[in-house]
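Peer 1: Sequence and predicted structure below; questions after.
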Amino acid sequence: MSSKTASFMRWHKEGRTEDGYMRHPADSPAWKTFDFRNRDFAEETRNIRLGLTSDGFNPFKSLNVQYSTWPVILIPYNLPPWMCMKQEYFFLSLLIPGPTMPGNNLDVYLEPLIEELKLLWEVGVNTYDASMNRNFNMRAALLWTISDFPALANLSGWSTKGEFACPSCHKDTCSRWLRYSGKHCYMGHRRFLASDHPFRKDKRSFNGFEEHDKAPSQLSGDMVLRELDGHTHTFGRLNNDNRNLPYNWKKQRIFFELPYWKGNILRHNLDVMHIESNVCKSVLATILGLDKSKDHAKARDDLQEMGIRPELHPIVDESGKRYYPPPCFLMNRAEKEIFCGVLKQIKVPDGYSSNISKCISKKPPKIFGLKSHDNHILMHQLFPLALRRVLPKQARAPLIDLCNFFRGLCSKVLHARELIQLERRIALTLCHLERIFPPSFFDIMVHLPIHLATEARLAGPVQYRWMYPVERYLSTLKAYVRNRSRPEGSIAEGYLAEECVVFCARYLDDVETRSNRASRNHDGNIDTGVELPIFVNPGRHLRGVNIVNWDVDTMKRAHQYVLFNCEIVQPFLSEHREMIRNQNPRLRIRDIERIHNETFASWFANQVQNMDFVNERGIYDELRSLAQGPNFIGKRYKGFIVNGFRFHVKEIEQRRKTQNSGVVVVAKTTSYSSANDRNPVIGDVTYYGVLKEIVELEYFLSRKVVLFKCDWVGQGRMQRQDENGFTLVNLSRPMNTGEPFILASQAQQVFYAEDPIDKGWHVVIKTTPRDCFDMDRREEIDVEDYLLSETCTGDISDDNKEIRWVREGVHQFVHPLFLVWF
């Protein structure tokens, strides 16, 4: 092991925060159950837990060449979150050559790897631990596999097509063949609701039948072995089907040769990346009426054959023309323009996503060319935002709930109570979608979200089990190809060279390498040579520095805010406020605060001048520097990086495609009900603002403080929430406050999207910094107590009103295949 990384292999045991929240696979029940069943393995913290992933890719840049290379990659999970899932720690264990995909024969190629994994489990390898300067017997175990849905069939042995396509529902998959659409649909999500839920007896809104079945049970390893006991299977390209196998089994998985595999509670992960992307594409195409819409003429014929939703059945007139009534989920032309206009005009923070506006056309309204991460951003933030002003509530609300589900699922910190709620919420959301969308909408990708929260509850955050880092690594492998006649050889040579370079780079401390390079929004080095925390300025400025002379009013307000937010000054603030109160006992609290704000700076300077710090000379010098006030000459910046966010002033955003001027801060505020109020309320108030200036005050002894000057909107008439739960602020009428400044270290970032109807109002979208991991301890919660609480067992509020499947006041038109209406 490298001395630079060896100690991190014990992080999962020695450095992990244990408070009941899941931040890493080591916090998950899957990991802990494995340790409980294999205690001799768990005793050695340096033993490695692995994940296996595989997917095919075309090593050539020309798409017209059919060639598929399949790498098999091992991912170690012992590392901390900021190192785990990084490319330099991936192991390229196998490289299956093309030109065709291995398919069912993948197990043949995996045989050597399985033999090595068995050896690592049963015997181990004598390994040198550079961090402890001694040898130990290292063992390894495979926790699960990661793959997209088609590759899951090759790794698991369960076919992901046909009647039993869902590997989680297994033989209890609820599917129905749609004769006109020529495919299976996967509905039946009422099985996942409570047994007494009214939806279970609602025949008219669903498929015409009551639902009395229970949710499918989880498939264990022993159940798989019993089902395949006595069955044989063969490999080879001439024998693609093993028709004697039950249900959708294609083979008995080779992973069961590992002694511990059948005891793993989650063996194959559903890929959130591709599921989320496919669901987003289906929803967009259907509500916008694009070419790949799931609502077409054949879908209406399926409705007619099933005998449900007669309002949407085709209407044939006397001349034989077929008319299709407009459904409630399809936008008219005006709504399409609003929807696409919001996505076209929105600006997001730098590094938040790609420029999605390039994929949006307003006239004609359509969306095209989205990548997987674009769909991810749409589902999490932008899609609900664009839906606010379109579609009836019965169609809009379930779609927003679906987006909220994916946003909650992809959180970096999870808890069992939240995932239990997500499990129940997604079941209800999919049932609402069943009431609205046609059966052809529910392909296997729309069904799979029902299982994602359960898998997260078992295995932890999805960031360690989805395909985003793997897909990026496949792109890296593709870049290694230099000899097009030997692509696999080029990849192998490139991988070995990269591995050697990365290993050597860890020992080059004085050289910037990819391993030690700071992230793009790194705050920079913090000055540790100061005594007062107020002068410890995290963050770094960007290009565009101006030397300015401060006017008296600006300097007074900025200095006052610095004093009022300095921890060491707090006793002086209380003393000065009490002195004013004693001198003026009849004054109202509001007047006392006004006098206190106006006179404290000068009083504080006199107090510090007369104090004597004998043993803490450094603190006294800095405190006196603070009391004397800043210089009249300071600096003004155009951009600043702090708290992992990149901020720009509003002025420079006019010529940019990004928005980095949104600021939010939570401040303690004293609220008065009237001028005579003697009992004001002190509480936290959220203020949203637009960054106008970034100023740096310079005090004596070269001490500096960076402040943000913003236009603020607080609680009141200029801030409200709409029926969909979005926060809106009126940025055209900011507050006339005497405190426009905040410390740069207090700033968090938001961005705003203009409301297409109410001019001047903007929707607030909060962001989180990239490469930021919340490792702080939180309040522990007993999951068993929570399961028995009313919060968990109570019904989720839902709208069980009658569905109007046809939109009124819209003309219907004839089209040979797709519905076209205005």
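Peer 2: Arrived safely, thanks for sending. Numbers count the residues shown, from 1 in each chain.
Peer 1: quick one: Asn244 and His231 touch, right?
Peer 2: Yes. Here Asn244 reaches His231: they are 6.0 Å apart, a contact under CB atoms under 8 Å. For the C-beta atoms, the positions are set from N, CA and C on the backbone; glycine is no exception.
Peer 1: Mean confidence (pLDDT) on stretch 639-656, please.
Peer 2: Confidence over stretch 639-656 (mean pLDDT, whole number) is 91.
Peer 1: just stretch 564-582 next, same as before
Peer 2: Rounded mean pLDDT across stretch 564-582 is 90.
Peer 1: can you give me the helices for the stretch 51-200 of the chain?
Peer 2: 106-122, 149-156 (DSSP state H, counting those that start in this stretch).
Peer 1: Dig out what Gln748 forms beta bridges with.
Peer 2: Taking DSSP bridges as the rule, Gln748 bridges to Val664.
Peer 1: May I have the residues that are in contact with it?
Peer 2: Going by CB atoms under 8 Å, 6 or more residues apart in numbering, Gln748 touches Asn643, Phe645, Val663, Val664, Val665, Lys766.
Peer 1: Tell me the pLDDT of it.
Peer 2: We have a pLDDT of 94 for Gln748.
Peer 1: Tell me how far it lies from Arg656.
Peer 2: For Gln748, the distance to Arg656 (CB to CB, to the nearest Å) stands at 21 Å.
Peer 1: For stretch 429-439, output the C-alpha coordinates as PDB.
Peer 2: Output of stretch 429-439 as PDB, limited to C-alpha atoms (Å, rounded to 0.1, in the frame of the first residue of the first chain):
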ATOM      1  CA  THR A 429     -47.000   9.500  -6.400                       C
ATOM      2  CA  LEU A 430     -47.000   6.600  -8.900                       C
ATOM      3  CA  CYS A 431     -50.600   5.900  -8.100                       C
ATOM      4  CA  HIS A 432     -51.500   9.400  -8.900                       C
ATOM      5  CA  LEU A 433     -49.700   9.200 -12.200                       C
ATOM      6  CA  GLU A 434     -51.500   5.900 -12.900                       C
ATOM      7  CA  ARG A 435     -54.800   7.900 -12.600                       C
ATOM      8  CA  ILE A 436     -53.700  10.400 -15.200                       C
ATOM      9  CA  PHE A 437     -51.300   9.000 -17.700                       C
ATOM     10  CA  PRO A 438     -52.100   6.100 -20.200                       C
ATOM     11  CA  PRO A 439     -50.900   2.600 -19.500                       C
END
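Peer 1: count of neighbours near Ile694?
Peer 2: 26 (other CB atoms under 10 Å).
Peer 1: next one: the one 4 residues further on
Peer 2: Burial of Glu698 is recorded as 15 neighbouring residues (other CB under 10 Å).
Peer 1: For the stretch 51-200 of the chain, give me the ranges with low pLDDT.
Peer 2: Along the stretch 51-200 of the chain, segments meeting pLDDT under 70 span 62-64.
Peer 1: again but with the chain, I slipped
Peer 2: In the chain, residues with pLDDT under 70: 1, 62-64, 233-243, 525-528, 612-618, 670-682, 777-801, 809-822.
Peer 1: sec struct for Ala42, please.
Peer 2: Assigned by DSSP: H, G, I helix; E, B strand; the rest coil, the conformation of Ala42 is helix.
Peer 1: Now do it against Lys118, distance only.
Peer 2: For Ala42, the distance to Lys118 - CB to CB - is 19 Å.
Peer 1: Let's verify Ile694: helix, strand, or coil?
Peer 2: Assignment for Ile694 (three-state DSSP): strand.
Peer 1: Wait, a strand at Trp712?
Peer 2: Yes. Using three-state DSSP, the assignment for Trp712 is a strand.
Peer 1: what bridges to it?
Peer 2: Applying DSSP bridges, one finds that Trp712 bridges with Gly689.
Peer 1: how many neighbours does it have?
Peer 2: Count around Trp712 with other CB under 10 Å applied: 21.
Peer 1: which ones are touching it?
Peer 2: Residues counted as contacts of Trp712 (CB under 8 Å, 6+ apart) are Tyr687, Tyr688, Gly689, Pro734, Met735, Thr737, Pro740.
Peer 1: Check Arg720 too.
Peer 2: Thr727, Leu728.
Peer 1: Torsion angles phi and psi at it?
Peer 2: phi -160, psi 170 (degrees, to the nearest 10).
Peer 1: beta partners of it?
Peer 2: Bridge pairing for Arg720 - DSSP bridges - gives Leu728.
Peer 1: For Glu698, see how far away it is.
Peer 2: From Arg720 across to Glu698, the span is 41 Å (CB to CB).
Peer 1: circling back to that earlier point, pull out the buried members of the contacts of Gln748.
Peer 2: Among the contacts of Gln748, those classed as buried by 16 or more other CB atoms under 10 Å are Asn643, Phe645, Val663, Val664, Val665.
Peer 1: okay, those residues in JSON lines with distance to Tyr109 next?
Peer 2: Compiled in JSON lines, these are given as follows (distance: CB to CB, whole Å):
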{"residue": "Asn643", "distance to Tyr109": "47"}
{"residue": "Phe645", "distance to Tyr109": "46"}
{"residue": "Val663", "distance to Tyr109": "54"}
{"residue": "Val664", "distance to Tyr109": "52"}
{"residue": "Val665", "distance to Tyr109": "56"}
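Peer 1: Which two of these have the greatest separation?
Peer 2: Phe645 and Val665 (12.4 Å; CB to CB).
Peer 1: Now do the shared contacts for these two.
Peer 2: Ala747, Gln748.
Peer 1: what separates the helix or strand that contains Val342 from the chain centre, distance-wise?
Peer 2: Counting by DSSP states H and E, the element that carries Val342 is helix 333-345. How far helix 333-345 lies from its chain's middle: 25 Å, per CA atoms, centre = their mean, to the nearest Å.
Peer 1: quick one: strands adjacent to the helix or strand following that helix?
Peer 2: Following helix 333-345 in sequence order, the next helix or strand is strand 360-361 (DSSP H and E). According to DSSP bridges, strand 360-361 forms sheet pairs with strand 366-367 (antiparallel).
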